[in-house]
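>>> This is the structure alone, sequence omitted:
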């Protein structure tokens, strides 16, 4: 257990992929406007890898990369839902889709826009995003 955090569970639409993640009940969600996040409406919060556990479905995940190939956009082979991924900003953590969490553990969501169209500049200017995957 992690002090001040709650265990959220979630997964894809068809249930083939399931995970748990320890995070605050009050989520800080990024709304990125880069090309892929815009197309997928990829809003996400970031956690350290140590606070994420894939419960089932590793064999049902596939990965898409593009451009720098640093972000690992994982999604369910059956239903196509991306419930989590490895963000370029935090390759040592996970970006979790809050809309893929099961009901009952999220209290509030604060959304912050991030200018992914100018990714390098946005991440350089953001004071905390790179630290969000640190335990």
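Nice, thanks for sending it over. None of the values given here were measured: they were computed from a predicted structure.

>>> so residue 100 touches residue 83, yeah?
Yes - counting by CB atoms under 8 Å, residue 100 does reach residue 83; the two are 3.7 Å apart. For glycine as for every other residue, the C-beta is placed from the backbone atoms N, C-alpha and C.

>>> between the two, what contacts are shared?
Counting by CB atoms under 8 Å, 6 or more residues apart in numbering, the common neighbours of residue 100 and residue 83 are 10, 11, 12.

>>> For residue 66, give me its contacts.
So residue 66 contacts residue 36 (CB under 8 Å, 6+ apart).

>>> my hunch is that it is in a strand, does that hold up?
No - applying DSSP: H, G, I helix; E, B strand; the rest coil, one finds residue 66 to be coil, outside a strand.

>>> Show me what the most centrally placed residue in the chain bridges to in the sheet.
Central residue of the chain (CA atoms, centre = their mean): residue 95, 1.7 Å from the mean position. With DSSP bridges as the criterion, residue 95 is bridged to residue 46, residue 85.

>>> Report the contact partners of it.
30, 42, 44, 45, 46, 84, 85, 86, 87.

>>> So which of the shared contacts of residue 100 and residue 83 sit within strands?
10, 11 (DSSP state E).

>>> Dump the shared contacts of residue 100 and residue 83 to JSON lines, plus pLDDT, distance to residue 107 and neighbour count.
Compiled in JSON lines, the shared contacts of residue 100 and residue 83 are given as follows (pLDDT from 0 to 100; distance: CB to CB, whole Å; neighbours: other CB atoms under 10 Å):
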{"residue": "10", "pLDDT": "98", "distance to residue 107": "16", "neighbour count": "21"}
{"residue": "11", "pLDDT": "98", "distance to residue 107": "21", "neighbour count": "23"}
{"residue": "12", "pLDDT": "98", "distance to residue 107": "24", "neighbour count": "24"}
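
>>> That concludes my questions; thank you for your assistance.
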